[in-house]
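Asks: Predicted model follows, preceded by the sequence.
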Amino acid sequence: MPSVRTRFAPSPTGYLHIGGVRTALFNWLFARQHGGQFILRIDDTDQQRNVDEALQPILDGLHWLGIDWDEGPEVGGPFAPYYQSQRHDRYQAAVEQLLASGFAYYDYATPAELQADRQAAEHQQRPFRYDRRFMAQTPADRARFEAEGRQAVVRLKMPTEGVLVIDDLIRGRVEFEWAREQDHVIQRTDGTCLYHLANVVDDHDLQISHVIRAEEHLSNTPRQIFMLEALGYPRPAYAHLPFVAEPGSRNKLSKRKLDKYLKNRDFAQLVEHGRPIAQRIGHAVEADAFNPVIVDFYRTIGYLPEAILNYLALLGWSLDDKTEHFSCQELIQNFSLDRVNKSPASFDPKKLWAFEDWHFQQLSLEQKVAQVTPYLEKASLVASPPDDRQRARIDQLVAAASDRIKTSGDVLAFDDFFLPDDEFPYDEKAFEKHLRQGDGLARLREFRESLAALEPFDVPSLERLMHDFIAQRQIKIGQVIHAVRVAVTGKSIGLGLFDTLAILGRPSVLRRIDRTIERTAAS
RNA sequence: GCCCUCGUCGUCUAAUCGGUCAGGACAUCGGCCCUUCAAGCCGGGAAUUGCGGGUUCGAGUCCCGCCGAGGGUACCA
């Protein structure tokens, strides 16, 4: 049985697109499930800019997600090089073979002539097909055309009749009439080769067994099959995946349309949640990469790779009518191409968020702490690495925060636990409401006295203290708790108050309350 | 224009050979709880399966015709 070999072939564009990840993921899952190889090939045929620089973010993104490749950049492999820009001699050889065997020809039509023909066909409302009037059949023809100052491209000599049948693993049987196909160009006048030729040669050279790619390539498959058969290559299996579409639409998700997506409430929320986190750790938020269409966005904010992979896997694939949560291992075990959907699936930021929440809550306390600590370090809230006191505090905080932390970066919402007692900022609205108005300040002073005498200073004692405190005064807990919270954290939202006080510890709590009381005096 | 693909609640989807009130999840809405936030618990609404025909005792599932969306039709990938 021939081994399963799949590939992901990104162009070095400088970023890893979320739709690209889904394609990579399906290829990877399929290869891993069958004990085959997953190959990373770089489609840099017409790349002007610095390939290394534009490729690195893609490699980094895949590494981060845990999508590893058996052959390709960084790891090499038996079929190197894995960069199309370095494989030109292979393409040249294929072009020559096609020419020699009569499956391709030199063509001397100018772009202007072709354009005119195309328009004429359009006016007559008939399908356009090049009539080969500048096809050179002999060396003499070539010399004659060249004497006229014409330059040659190489075109495929496509069949003019018959039907091509493709058994797509996802779409089923698809038929194309050869007569509708064009004599596509495979080599330009400057000698460079076009994508489809390169693609066919590379897939063959790398012994790709299953071509799993986006559906935009389905219509391109006939010309590729024509080439590979003319070249004598075996036909790989094909699986054309539906697009990952924009939120609430059938259009392909695109990096360029961020402005438009931001008008979508859910999408905007995703960005609004991430922005303060990114800013806090010194990550540029205007940068192109700060965009939920790009994987780096999620890495910056501290999403879990498992959550993203789980969500993406379910975008177009499902196991049954109820299973939603999968680890990578479970995906590898259960994935199958025949349960991939045919229709485009739109990207839903809210659902991704729900997966992130679920996966994060699966983590042990220790794992959560490990996830979260780098964020505190990057924001300079703790030393790097944190000292023992800070470490203990992170443990306590994460435990008390419970599911309030959903992405690693969320820990920064609790920065007040790591700021000096006389430096954490106050939310002015909350301060006004709970400390300047009503009797919050008076309660705070009284409560401070009780706190000073409390022994031991832990959660159960604090609860008891509060209970007695409000019972004696015949007041409701809300009449004191908010004032205390704002006094010690500066915020009106946060952890349970008793946890907050216990984590801070008595000296810190008293200093913070004193600072707050002084602040009410100053106006 | 022509060719190809797709079309089930707002979104992701489920529904063996056609066969119980079209199921689940996310979102949404209400209620409970309550110390803010987050959560938790209980409940609700939401799809005449793109539309119109046909076959059948019975169709989301089969057939025909429309419509809509996307892709291809490049010396783009």
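Replies: Sure thing, it's come through.

Asks: helix or strand for A:Ala370, which one?
Replies: helix A:365-378 (DSSP states H and E).

Asks: which residues make contact with that helix from outside it?
Replies: A:277, A:280-282, A:302, A:304, A:360, A:363, A:382-386, A:390, A:394-395, A:398-399, A:405, A:408-409, A:411-412, A:418 (C-beta atoms under 8 Å, 6 or more residues apart in numbering). Backbone N, C-alpha and C define where each C-beta goes, glycine included.

Asks: C-terminal to the helix or strand of chain A with the lowest mean pLDDT, what's the next element?
Replies: When each helix and strand of chain A is scored by mean pLDDT, DSSP states H and E, helix A:258-261 comes last, with a mean of 83. Going down the chain from helix A:258-261, the next helix or strand is helix A:265-280, by DSSP H and E.

Asks: mind checking pLDDT for the residue sitting nearest the centre point of chain A?
Replies: The centroid of chain A falls nearest to A:Val295 when counting by C-alpha atoms, centre = their mean (2.8 Å). A:Val295 carries a pLDDT value of 95.

Asks: For it, give its distance to RNA strand B.
Replies: Relative to RNA strand B, A:Val295 is positioned 18 Å away (C-beta to the nearest atom of the strand, to the nearest Å).

Asks: what's the answer for A:Met135, then?
Replies: From A:Met135 across to RNA strand B, the span is 13 Å (C-beta to the nearest atom of the strand).

Asks: what sits against that residue?
Replies: So A:Met135 contacts A:Tyr105, A:Tyr106, A:Asp107, A:Tyr108, A:Asp141, A:Arg155 (C-beta under 8 Å, 6+ apart).

Asks: let's see 10 Å
Replies: A:Tyr105, A:Tyr106, A:Asp107, A:Tyr108, A:Ala109, A:Asp141, A:Phe145, A:Arg155, A:Lys157, A:Asp183 (C-beta atoms under 10 Å, 6 or more residues apart in numbering).

Asks: Beta-bridge partners for it, please?
Replies: Legend: beta-bridge partners of A:Met135 under DSSP bridges are A:Asp107.

Asks: one step back: which strands and helices sit next to whichever helix or strand comes after the helix holding A:Ala370?
Replies: Toward the C-terminus, helix A:365-378 is succeeded by helix A:388-401 as the next helix or strand (DSSP H and E). With contacts taken as 3 or more C-beta pairs under 10 Å, 6 or more residues apart in numbering; DSSP states H and E, helix A:388-401 sits against helix A:365-378, helix A:497-504.

Asks: Help me see whether helix A:388-401 makes contact with RNA strand B, please.
Replies: No: using C-beta under 7 Å from any atom of the strand, we find that helix A:388-401 stays clear of RNA strand B, coming within 8.2 Å at best.

Asks: If you count neighbours, what's buried in that helix?
Replies: Neighbour-count burial for helix A:388-401, counted by 16 or more other C-beta atoms under 10 Å, picks out A:Gln390, A:Arg393, A:Ile394, A:Gln396, A:Leu397, A:Val398, A:Ala400, A:Ala401.

Asks: Over to stretch A:104-119?
Replies: Under 16+ other C-beta under 10 Å, the buried positions of stretch A:104-119 are A:Ala104, A:Tyr105, A:Tyr106, A:Asp107, A:Tyr108, A:Ala109, A:Asp117.

Asks: Same check on stretch A:443-454?
Replies: For stretch A:443-454, by 16+ other C-beta under 10 Å, it's A:Arg443, A:Leu444, A:Phe447, A:Arg448, A:Leu451.

Asks: Double-check that the second one belongs to a strand.
Replies: No: using DSSP: H, G, I helix; E, B strand; the rest coil, the secondary structure at A:Leu444 is helix, not a strand.

Asks: Now do the contacts for it.
Replies: A:434-435, A:480, A:482-484, A:486-488, A:513, A:516-517, A:520.

Asks: A:Arg485 now?
Replies: So A:Arg485 contacts A:Ala430, A:His434, A:Lys491, A:Ser492, A:Ile493, A:Gly494, A:Leu495, A:Gly496, A:Leu497, A:Thr500, A:Leu501 (C-beta under 10 Å, 6+ apart).

Asks: name the element the residue nearest to the fourth one when sequence neighbours are not counted belongs to?
Replies: Put plainly, it is A:Ser492. Nearest non-adjacent residue to A:Ser492, counting by C-beta to C-beta, 6 or more residues apart in numbering: A:Ala430, 3.8 Å away. For A:Ala430, the host element (DSSP H and E) is helix A:428-431.

Asks: hmm, that helix touching RNA strand B?
Replies: No: applying C-beta under 7 Å from any atom of the strand, one finds helix A:428-431 separated from RNA strand B by no less than 8.8 Å.

Asks: buried sites along that helix?
Replies: Applying a neighbour-count criterion of 16+ other C-beta under 10 Å, the buried positions in helix A:428-431 are A:Ala430, A:Phe431.

Asks: So what touches it?
Replies: By C-beta under 10 Å, 6+ apart, helix A:428-431 touches A:425, A:436-437, A:440, A:482-483, A:485-487, A:489-493, A:516, A:519-520.
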